[in-house]
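Q: predicted structure and sequence below. I'll ask about it afterward.
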Amino acid sequence: MNNSYTVESLYQEELYVLNPKVLIILPMPWEEVDESDQLLLAKILGSVKINLASVQILAYAEFRINDLTIYNPSKILVFGSRISDQKAPIKPYQPSIENKVTVLQADSLHQLDDSKKKSLWTALKEMFAI
């Protein structure tokens, strides 16, 4: 019997490949977000091929990015929350790298009009390399 098989040939499925963690920061708990905003967030995430089950949603009206490092995120989407303790403020609707994490800040979900949605989509395409 030939034992020259490599590990790669044993596990051809990509079952063990985990996507990088995406954090969603909202200014209120998920239970308080109205249904239309929940649906909008699901559509926003769907546009970059992510679903609600694959992200972690946190509620902070104000936070520091350093405080989120315990979650080990690769990307943070901020909807309406304020980022404090920044040397330079993050420009809305422009992905920014802070502490090795890509951060995108946008208005609250209920404040997104057509113009802001287009800006968000442009930023998401850049952030997720679509």
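A: Nice, I can see it.

Q: next, count neighbours for residue 56.
A: If you count neighbours by other C-beta atoms under 10 Å, residue 56 ends up with 13. (Each C-beta comes from the backbone N, C-alpha and C, glycine too.)

Q: so is it in a helix, a strand, or just coil?
A: Here residue 56 is strand, with the state taken from DSSP: H, G, I helix; E, B strand; the rest coil.

Q: does it really touch residue 26, like I thought?
A: No. In this structure, residue 56 is not within contact of residue 26 by C-beta atoms under 8 Å, at 11.4 Å.

Q: may I see the buried residues of stretch 93-113?
A: Across stretch 93-113, burial judged by 16 or more other C-beta atoms under 10 Å covers 93, 95-96, 98, 101-107, 109, 112.

Q: ditto for stretch 76-93
A: So for stretch 76-93, counting by 16+ other C-beta under 10 Å, buried means 76-81, 83, 90, 93.

Q: next: stretch 110-130.
A: The neighbour-count check on stretch 110-130 (16+ other C-beta under 10 Å) flags 112, 119-120, 123-124, 127-128 as buried.

Q: could you single out the nearest of those to residue 51?
A: residue 128 (13.7 Å; C-beta to C-beta).

Q: quick check: that closest one touching residue 45?
A: No. Here residue 128 does not reach residue 45: they are 10.1 Å apart, not a contact under C-beta under 8 Å.
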